[in-house]
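Q: 3D, please:
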Amino acid sequence: MDLSYLNEHMACRNCQSCDKGTRPAIETKEISTGSSHKQQALQSKIIFLLRGEITYSFGMYNNRRMRCGQALYLPVGYNFSYRAESGALLLFIRPYSKLQFCDCYRLEDLVHRTPDTGTDSPYLLEMKEPVKGYTDMLAYCIRKGLCCGYYNELKINELLYLLGEFYSKEELALFFHEALSGDPGFSLYVMNNYHNYHSLSELAAAMNMSLSGIEKRFRKVFNISGYKWMNQHRAKKIYHALCTGDKSLNELRAEFGFASKASFSRYCKQHLGEPPGGIRQHHRFGCEIGKESVKMDNRI
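A: Next up, the predicted model:
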């Protein structure tokens, strides 16, 4: 079945209701076996694997497996690398605004629901039948050329409603763990912008806050000091860049704002357990012998 009034639909591609840019709110991507891709999460994403199997990396998660029928939440600000182990079809959904399941069920209601799983991998949500039917229909409509921003907004709201109705609060708290906050305005700004600053004092200045004031806010919202939170996320990005990128150590040193090789090396030793060259060497050695790369401890 094809779209009715296709010519009229095609004619509106330049209007505000269409969503056919470089980062549409909803898109599918088909990748062949052995093909590798990289993306930067300028917005948070929910990623569904509709066919095949992939190996993915972001932050401190390296060479993790995702199979058909699973969903992954990718927080904003991360570089995401993935490789198709078998021919894969992925569905990317980028929510327009804050996550809310309905008028009276908000993401921040899950803050105290997260159990300790003891796992070093992200929580992958299994696609239940209502969500499977939803993704199949969405993929079909995209294949037929439907790219309307109005339709996408409705479908994103529908997805959040389905998640709220068919998954437990504990499952959703695990899935959206990186986005949970009791102060969504503060946490949303921090998550969207922290990567633009090399220190907590720079972030505080951008938010018109004192250093002591932003520290108190971090402890209240994230239950951790701002200095430690910034170091955690900076270390995750450095680790990912060392393990998956092709930039030289000097290029990475400059990119992450280190004045010298020695300061970059000290930082990696303190927060990742090894100097940058050692991390890269271990990762590449692990790939050559067909094993997962070295698991880092939780010192950050």
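Q: and the helix or strand containing G277, average pLDDT?
A: Per DSSP states H and E: G277 is located in helix 276-288. Taken as a whole, helix 276-288 carries a mean pLDDT of 74.
Q: please apply the same query to stretch 262-270.
A: On average, stretch 262-270 scores 92.
Q: could you do stretch 137-150 as well?
A: 88.
Q: can you pull the buried residues of it?
A: 138-139, 141-142, 146-149 (16 or more other C-beta atoms under 10 Å). C-betas here are computed from N, CA, C, even on glycine.
Q: what do you get for stretch 74-88?
A: 74-84, 88.
Q: quick one: those residues as CSV, columns for secondary structure too.
A: Shown next, in CSV, are those (DSSP: H, G, I helix; E, B strand; the rest coil):
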residue, secondary structure
L74, strand
P75, coil
V76, coil
G77, coil
Y78, coil
N79, strand
F80, strand
S81, strand
Y82, strand
R83, strand
A84, strand
A88, strand
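Q: for Q43, helix, strand, or coil?
A: Note that with three-state DSSP, the state of Q43 is coil.
Q: so what's it closest to, chain neighbours aside?
A: R94 (4.6 Å; C-beta to C-beta, 6 or more residues apart in numbering).
Q: now do R234
A: F256 (6.8 Å).
Q: next one: G164
A: Using C-beta to C-beta, 6+ apart, the closest residue to G164 is F101 (2.9 Å).
Q: what about the one you found, which SS state?
A: Under three-state DSSP, the three-state class of F101 is strand.
Q: wait, is H198 part of a strand?
A: No - per three-state DSSP, H198 lies outside any strand segment and is coil.
Q: quick check: it vs E255, distance?
A: Look at H198 and E255: by C-beta to C-beta, to the nearest Å, they are 10 Å apart.
Q: and if you look at P130?
A: Counting by C-beta to C-beta - P130 and E255 are separated by 43 Å.
Q: neighbours of H240, how many?
A: For H240, the neighbour count with other C-beta atoms under 10 Å is 20.
Q: any weak-confidence spans in the protein?
A: Within the chain, the segments meeting pLDDT under 70 span 1-23, 97, 113-120, 181-184, 284-300.
Q: all helices of it, in order?
A: 6-11, 129-143, 149-166, 169-175, 184-193, 200-206, 211-222, 226-244, 249-255, 261-272, 276-288 (DSSP state H).
Q: T33: which of these is closest?
A: T33 lies closest, by C-beta to C-beta, to one member of the helices of the chain: helix 276-288, at 17.3 Å.
Q: which residue lies nearest the spatial centre of this structure?
A: Nearest residue to the geometric centre of the chain (C-alpha atoms, centre = their mean): L74, 1.8 Å.
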